[in-house]
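Participant: Sharing a model that was predicted from the sequence below.
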Amino acid sequence: MKPILTLFLLLAFATFTSTVIHAQDNSRDESKKDEKNKGKNKSSSIGGKEHDAEIVGVRIGMDVPTALEAVFVNASRKPGQEKPDVQRKEGKDNKDIRVLYKGLPQGELQIVFAEGKYVNQIILKYAEPPLSDDLRLPYTGDIGQAIEGDRFDDRYTVGFTDIQKQQRIWWRDEKAPGGYRVRVQFNAKKINEAGGRFVTSVVQKSLTITSGDEEKFLKAVSK
């Protein structure tokens with residue numbers, strides 16, 4: 001590992017580790033608040049909180065220590081598990097850093113830090129893939145018409161990853177306080193059956209900067 005990357009990670013982990021005890025205390029306090037406010041902060045989707053623009057407590061724009069702390073707390077990591085399992089440099093001039101967590105209760109988690117500082121991409125491969133119907137994801141783009149009386153989240157556009165239409169995707173863009181947009185996307189399990197309505201598993205959730213808003217993002221987080 002190159003010295004600059006090693007120094008960056010050491011500084012980030014040192015900052016993060018120093019906050020772990022406080023984070024655990026704060027999480028207890030937040031749990032009490034959540035219980036007290038239960039029902040007041042409902043998800044904006046009929047499909048539940050899985051539609052929120054966060055994954056394992058990590059949100060686009062978080063700095064390194066805050067993101068690592070979120071994973072540690074929300075994935076119930078133990079002392080000694082503060083570090084991600086894998087990290088590597090990538091992107092233009094190798095300034096971005098991607099980290100990987102394996103074996104989390106939620107699944108396999110990847111986080112990319114733009115210029116090694118702020119979260120600009122989060123990908124979760126579900127350990128237990130939910131069903132598209134449970135998430136209230138529409139079967140087609142004609143979401144104005146409910147099928148069999150079901151209601152769907154009408155914020156999503158529906159498409160496919162391939163021309164054979166074997167893997168369905170759903171996406172929507174959510175405006176962030178910094179003026180840029182965050183894309184929330186779900187990927188279905190790839191199938192081989194053709195035609196007919198079917199319920200499929202959702203194997204992945206991802207959060208990224210909406211294409212074209214990268215400069216707005218970097219400007220917002222660098223303030």
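Facilitator: That came in fine, so what should we check first?
Participant: Can you name the element that comes right after the worst-scoring helix or strand of the chain on mean pLDDT?
Facilitator: One helix or strand of the chain scores below all others by mean pLDDT, DSSP states H and E: helix 20-36, with a mean of 44. Next helix or strand after helix 20-36 toward the C-terminus (DSSP states H and E): helix 64-74.
Participant: What average pLDDT does that following helix get?
Facilitator: The average pLDDT within helix 64-74 is 96.
Participant: and it, how far from the chain's centre?
Facilitator: The chain centre lies 13 Å from the centre of helix 64-74; the measure is CA atoms, centre = their mean, to the nearest Å.
Participant: Same question for stretch 69-89.
Facilitator: Distance, centroid of stretch 69-89 to centroid of chain: 15 Å (CA atoms, centre = their mean).
Participant: got the end-to-end distance for that stretch?
Facilitator: This stretch, stretch 69-89, spans 21 Å end to end (CA to CA, to the nearest Å).
Participant: Okay, buried residues for stretch 181-193 please.
Facilitator: Within stretch 181-193, the residues that qualify as buried are R181, V182, R183, V184, Q185, F186, N187, A188, counting by 16 or more other CB atoms under 10 Å. Glycine gets a C-beta too; all of them are placed from N, C-alpha and C.
Participant: ah, wrong one, I meant stretch 87-94
Facilitator: Q87, K89.
Participant: pLDDT value on D142, please?
Facilitator: pLDDT at D142 comes out at 60.
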